[in-house]
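1. please work out how this folds:
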Amino acid sequence: MKVIVVGCHGQMGQPICRFVDEREGLELVGGVGPAGRDYIGRDLGQVAGLGRDLGIPVVDDLATIIDECDVLIDVSSVEQCLQTLDLAVAYKKALVTASTGFTPEQFERFEAAGTHIPLIFKCNTSKMVNVMLGLVEMAAKALVDECDIEIIDQHDRDKLDAPSGTAVIIGNMIAQLKGTTLDELAEYGRSGHGARKPGGVGFHSLRAGDITSDHKVYFGGFGERLEITHYSYSDDCFARGAVDCAQFLKDKPAGVYNIKEVFELL
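-> Purely as a prediction, here's the structure:
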């Protein structure tokens, strides 16, 4: 299965390239970066930190190499990823994206693309995070109407979206269990004077240094509380999962696939 990585020089792109290169049954055939970067034209093996040449130059125009792949893994910006989506549909290529920060209207474009290509999006690609989400769902079903729920996400100083995509997934899960929408429930940070919003879901986003990704969900009761937490020590867990997703899409018909299917968590 031939793979192109869009965003190959980034903090997710480099480990994804490494895992693709190491994985039996996968072949790294291309890397894409933004126009104007000094590594465009250099060998992908060096740009991705593999320590050897692959004989594959990094390009800034996906359209020039897209025919060479079976699946695209995009971990670039929102703008680039939307371009990748359009090209994937045009060339009938499977797509995995672990990028975040999309609007609801942009997510609708991904849903529509599922009628043409197999794809996985709107997910955290760490297996342990998805196990955590299952535990949060179990706890929420039992406690959602009797506990105060707070979500804390911590990431590096350069992360653009807050709260994180994973925190939003958790919030939407809780809203669905309550039969309402996240817009109705969410409180983003707090200041001033006044009691907590009854039944609301609190979001708190910490951005500092090189924190990789931590998520904590508090279920606050009376005389006790439950905390469910995932800590990541590097981006390897997300990169490995993104490669698992790509491999899962091999020979799949068009459709939007759930990350739970990849990890057999259904």
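
2. span of stretch 249-259 from start to end?
-> In stretch 249-259, first residue to last residue: 11 Å (CA to CA, to the nearest Å).

3. would you pull up how far stretch 244-256 lies from the middle of the chain?
-> 16 Å (CA atoms, centre = their mean, to the nearest Å).

4. so what's the gap between the top helix by length along the chain and the chain middle?
-> The residue-count maximum for a helix in the chain (DSSP state H) belongs to helix 127-143. The chain centroid and the centroid of helix 127-143 are separated by 17 Å, computed with CA atoms, centre = their mean.

5. what's the answer for stretch 93-105, then?
-> The chain centroid and the centroid of stretch 93-105 are separated by 8 Å under CA atoms, centre = their mean.

6. if we can go back for a sec, buried set for the longest helix of the chain?
-> 127, 129-130, 132-133, 136-137, 139-140, 143 (16 or more other CB atoms under 10 Å). Placement of C-beta: from N, CA and C, glycine included.

7. gap between the residue sitting nearest the centre point of the chain and Ala239?
-> Nearest to the geometric centre of the chain sits Ala98, at 3.1 Å (CA atoms, centre = their mean). Separation of Ala98 from Ala239 (CB to CB, to the nearest Å) stands at 8 Å.

8. got any residues that touch both of these two?
-> By the contact definition CB atoms under 8 Å, 6 or more residues apart in numbering, Ala98 and Ala239 are jointly contacted by 12, 125.

9. can you classify the closest residue to Ser126 other than its chain neighbours by secondary structure?
-> In space, and not counting its chain neighbours, Ser126 is closest to Cys237: 4.3 Å by CB to CB, 6 or more residues apart in numbering. Here Cys237 is helix, with the state taken from DSSP: H, G, I helix; E, B strand; the rest coil.

10. what number of residues lie near Cys237?
-> Neighbourhood size, Cys237 [other CB atoms under 10 Å]: 20.

11. same question for Ala162.
-> By the criterion of other CB under 10 Å, Ala162 has 17 neighbours.

12. do the same with Ile211
-> Here the number of neighbours of Ile211 (other CB under 10 Å) works out to 16.

13. gap between it and Ile169?
-> Applying CB to CB, the value for Ile211 to Ile169 is 19 Å.

14. correct me if wrong: Gly241 contacts Ser126.
-> Yes. Counting by CB atoms under 8 Å, Ser126 is a contact partner of Gly241 at 5.2 Å.

15. thanks a lot, catch you later.
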